[in-house]
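# I'd like to go over a predicted model; first the sequence, then the structure.
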Amino acid sequence: MRFAGFCAPVRGPNGQFALYTVSYNCEDAAWAAFTGQNRRSLILIPMRPT
């Protein structure tokens with residue numbers, strides 16, 4: 001097992017910039033399956049209004 005991660009850039013309306021990062025300690029195949037099934041949600045999560 002090793003750490004695997006996913007990053008998505010987030011840009012604000014006034015030029016703000018942030019990096020949304022998700023990581024987990026698991027097997028490569030498990031992480032590939034998770035990100036493959038959830039990529040759209042992982043990108044949309046940081047854009048949700050609070």
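Everything's here; your move. Keep in mind that what you see is a predicted model, and the values were worked out from it rather than measured.
# CA only for contacts and neighbour counts going forward, please
Noted.
# the residue in the chain sticking out farthest from the centre: what secondary structure?
Distance to the chain centre peaks in the chain at Asn14, reaching 22.2 Å (criterion: C-alpha atoms, centre = their mean). In the three-state summary, Asn14 is assigned as coil, counting by DSSP: H, G, I helix; E, B strand; the rest coil.
# so it versus Phe3, what's the distance?
Noted for Asn14: a distance of 33 Å to Phe3, by C-alpha to C-alpha, to the nearest Å.
# strands of the chain, start to end?
Secondary structure of the chain, counting by DSSP state E: strands at 2-11, 17-26.
# of these, which is nearest Leu44?
Minimum separation from Leu44 across those (C-alpha to C-alpha) falls at strand 2-11, 9.2 Å.
# neighbouring strands - and their directions - for that closest one?
With DSSP bridges as the test, strand 2-11 is paired with strand 17-26 (antiparallel).
# so how far is the partner strand off the chain centroid?
Distance of strand 17-26 from its chain centroid, counting by C-alpha atoms, centre = their mean, to the nearest Å, is 5 Å.
# do the same with stretch 27-38
12 Å.
# what comes into contact with that stretch?
Met1, Arg2, Ala4, Phe6, Tyr24, Leu42 (C-alpha atoms under 8 Å, 6 or more residues apart in numbering).
# hang on, the earlier thing: quickly, which of the strands of the chain bottoms out on average pLDDT?
Across these, strand 2-11 has the smallest mean pLDDT, namely a mean of 88.
# please identify the buried residues of that one?
Of the residues in strand 2-11, Ala8 count as buried by neighbour count, 16 or more other C-alpha atoms under 10 Å.
# any idea what Tyr20 is bridged to?
Beta-bridge partners recorded for Tyr20 (DSSP bridges): Ala8.
# quick one: residues contacting it.
Cys7, Ala8, Pro9, Val10, Pro46.
# is it true that the second one touches Leu19?
Yes - taking C-alpha atoms under 8 Å as the contact criterion, Ala8 and Leu19 are neighbours in contact, 5.8 Å apart.
# which residues are in contact with each of those two?
By C-alpha under 8 Å, 6+ apart, no residue touches both Ala8 and Leu19.
# can you show me the CA trace of stretch 1-9 as CSV?
What follows is stretch 1-9 as a C-alpha-only set of coordinates in CSV (Å, rounded to 0.1, in the frame of the first residue of the first chain):
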residue,chain,number,x,y,z
MET,A,1,0.0,0.0,0.0
ARG,A,2,1.0,3.6,-0.6
PHE,A,3,-0.5,7.0,-0.7
ALA,A,4,-2.4,7.9,-3.8
GLY,A,5,-3.9,11.3,-4.6
PHE,A,6,-6.1,13.4,-6.8
CYS,A,7,-5.9,17.1,-7.3
ALA,A,8,-8.3,19.6,-8.9
PRO,A,9,-7.7,23.3,-9.4
